[in-house]
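Colleague: kindly generate the corresponding structure for this input.
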Amino acid sequence: MCLGISLPNFVPMNISRALQHPTQDPNFVKKLAITGLVALVPFLNFALFGYALDHSRNVMAGRDAILPDWDDIGSKFQRGLLLVLAQMVYLLPVFLIYGCFFVFIIAGTGLASAANTRQQERDVAAVLSVGSIAILCVVAIVALTLSLFMPGVYRQFYRHGTFASCLKFGEVLAFTRRRIVDIILAGLTLGAMGIGVGVVTIVLSFVPCLGTIAVMALSVGVTGYSQVVYAHLMGQIMLKDSQALAPVPMPLVPPATIGG
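Modeller: Alright, predicted model coming up:
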């Protein structure tokens, strides 16, 4: 899909600010720890997205140094659940392709079991291998493409707070086209963070006993930290978009003087 990318007056996001700002909150250790622990609880972890929306609001208002408190967790959960459900609607093609993949595997396994000769088994196995790789590549490409629209869905819910607003694909697409460079930059930032954490986790896993404890503590801390960074990046993108769409004030023209 062609997004019609254009870069008028592009101003880069402040990535360093997004990465450094969490520690400015005097209670950042407690707040990030709670965020990480909430992430470990199935179903309750939908509240993370509600928490991110709250922090994006702080960023939009210029109060990014203060992280949201974990009060009113019910509201955070409700909003987070609706946002995740809306994003899943956009990811339906991925789920559909995955379904086809499992059908393909089951059918191929059945054919392999029914094969009469070794050659037939090898032929079916070859088709399964090549087909599986091809389908997984398609899944990766489709998932990566659709992930570009997730910030647009996030913005729709942030602005309107309803599930229906997230399904206005025209508005999501328009936002994605306007802010595509920022969206990609934010994705690369989060991806680099994930890779870095993965490397550290692998190194710590080789440390006997204490390594396991360190990995668990790192997982909790990084989960909370990454959610706050994600919310900051989304806040920056939405703020830049709002400023870009704001009407430019007309210059004041002095009144003409008589006989001038």
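
Colleague: tally of neighbours for Thr189?
Modeller: Thr189: 17 surrounding residues under other C-beta atoms under 10 Å. For every residue, glycine as well, the C-beta is placed using N, CA and C.

Colleague: show me which positions of stretch 225-239 end up buried.
Modeller: Going by neighbour count (16 or more other C-beta atoms under 10 Å), the buried part of stretch 225-239 is 225-239.

Colleague: same check on stretch 173-188?
Modeller: 173, 175-176, 178-180, 182-183, 185-187.

Colleague: looking at the buried residues of stretch 225-239, which are in helices?
Modeller: 225-239 (DSSP state H).

Colleague: from the residues you listed, which is closest to Asp69?
Modeller: Asp69 has its nearest neighbour among these in Val228, at 12.9 Å by C-beta to C-beta.

Colleague: wouldn't that closest one be in contact with His55 here?
Modeller: Yes. Assessed by C-beta atoms under 8 Å, Val228 is found in contact with His55 at 6.0 Å.

Colleague: could I get the average pLDDT for the helix or strand where Ala186 lies?
Modeller: Using DSSP states H and E, Ala186 sits within helix 180-205. Helix 180-205 carries an average pLDDT of 87.

Colleague: could you do stretch 92-106 as well?
Modeller: 86.

Colleague: next: stretch 54-62.
Modeller: The average pLDDT within stretch 54-62 is 93.

Colleague: alpha carbons of that stretch, as CSV, please.
Modeller: Taking C-alpha atoms only, stretch 54-62 is exported to CSV below (Å, rounded to 0.1, in the frame of the first residue of the first chain):
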residue,chain,number,x,y,z
ASP,A,54,-2.5,8.8,30.7
HIS,A,55,1.2,9.5,30.2
SER,A,56,0.8,10.6,26.6
ARG,A,57,-1.7,13.2,28.0
ASN,A,58,1.1,14.4,30.4
VAL,A,59,3.5,14.6,27.4
MET,A,60,1.0,16.6,25.3
ALA,A,61,0.5,19.0,28.2
GLY,A,62,4.2,19.5,28.8
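
Colleague: ok, so of the buried residues of stretch 225-239, who is nearest Pro12?
Modeller: Using C-beta to C-beta, Gln236 comes nearest to Pro12 of these, at 10.0 Å.

Colleague: just checking, the closest one touches His55?
Modeller: No. Counting by C-beta under 8 Å, Gln236 does not reach His55; the two are 11.5 Å apart.

Colleague: nearest to Ala86, of the ones in helices among the buried residues of stretch 225-239?
Modeller: Taking these together and measuring to Ala86 by C-beta to C-beta, the closest member is Met234, at 14.5 Å.
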